[in-house]
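[1] Just a sequence and a predicted model for now, questions to come.
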Amino acid sequence: MSKSAAENSWSLDREVVIARVYDAPRELVFRMWTEREHITRWFGPRGFSCETFEMEARVGGRWRFEMRAPDGTVYSNRIEYLEITPPERIVFDHGSDQDNDPNRFRVTLTFDEQANKKTVVTLRQLHPTKARRDAVIAFGAVEYGFQTLDKLAEHLRTAG
């Protein structure tokens, strides 16, 4: 796989990193990110709903979905899968559901197995510019990211 310009110029001032430990086996946690029937139930911040229109969690596949905020605002999204290495790693580009979105960013998810069947998920976002990274942080992306990972933990309790 060839590296993108973003990966070749990886810079901490364009990056957002969040992580969470789950009391669940790595294979199960990985499946929650790749199976439509699961991800649609938990993905997104508290109070947001998620509607999937298309999902092919495979290299070259895409996930098209909308998230509806509590105030009714609808955010169209498209994820394009670049790498899927079960149950260790998923890499995708995430942006709005339009071609050539200038704010599209790269996400790298890693799933690290720990003792006692626990899993550490680390989510790394690489934004196109420092200004864009700063804008998403100001919008609440870090807090929304933690809320999303919390919702996954809640879903895992019933999905196992």
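    Yep, it's here.
[2] What strands line up against the longest strand along the chain, and which way round?
    Longest strand in the chain by number of residues (criterion: DSSP state E): strand 74-85. Strand 74-85 pairs in its sheet with strand 62-68 (antiparallel), strand 89-95 (antiparallel), by DSSP bridges.
[3] And what about the residue of the chain most remote from its centre, helix, strand or coil?
    Distance from the C-alpha centroid of the chain peaks at N116, with 24.9 Å (Cα atoms, centre = their mean). Secondary structure assignment for N116 (DSSP: H, G, I helix; E, B strand; the rest coil): helix.
[4] tell me the pLDDT at it?
    pLDDT for N116: 92.
[5] for L12, same thing?
    For L12, the pLDDT comes out at 88.
[6] Neighbours of it, how many?
    9 (other Cβ atoms under 10 Å). Where C-beta positions appear, they are placed from N, C-alpha and C, glycine not excepted.
[7] Distance check, it against R133.
    Distance of L12 to R133, given as Cβ to Cβ, to the nearest Å: 10 Å.
[8] what do the two both touch?
    By Cβ atoms under 8 Å, 6 or more residues apart in numbering, L12 and R133 have no common neighbours.
[9] Which helix or strand contains V142?
    Counting by DSSP states H and E, the secondary-structure element that holds V142 is helix 141-159.
[10] residue contacts, K130?
    K130 sits next to S11, D13, R14 when contact means Cβ under 8 Å, 6+ apart.
[11] and it, what are its phi and psi?
    phi -60, psi -40 (degrees, to the nearest 10).
[12] Got the confidence number for it?
    For K130, pLDDT reads 96.
[13] for P86, same thing?
    pLDDT recorded at P86 is 98.
[14] how near is it to D97?
    P86 is 26 Å from D97, where distance means Cβ to Cβ.
[15] more crowded one of these two?
    Taking other Cβ under 10 Å, P86 and D97 do not tie; D97 has more neighbours (17 against 13).
[16] Make sure I have this right: the more buried one is in a strand.
    No - assigned with three-state DSSP, D97 falls outside any strand and is coil.
[17] Can you list the low-confidence ranges for the protein?
    For the chain, the stretches with pLDDT under 70 are 1-10, 160.
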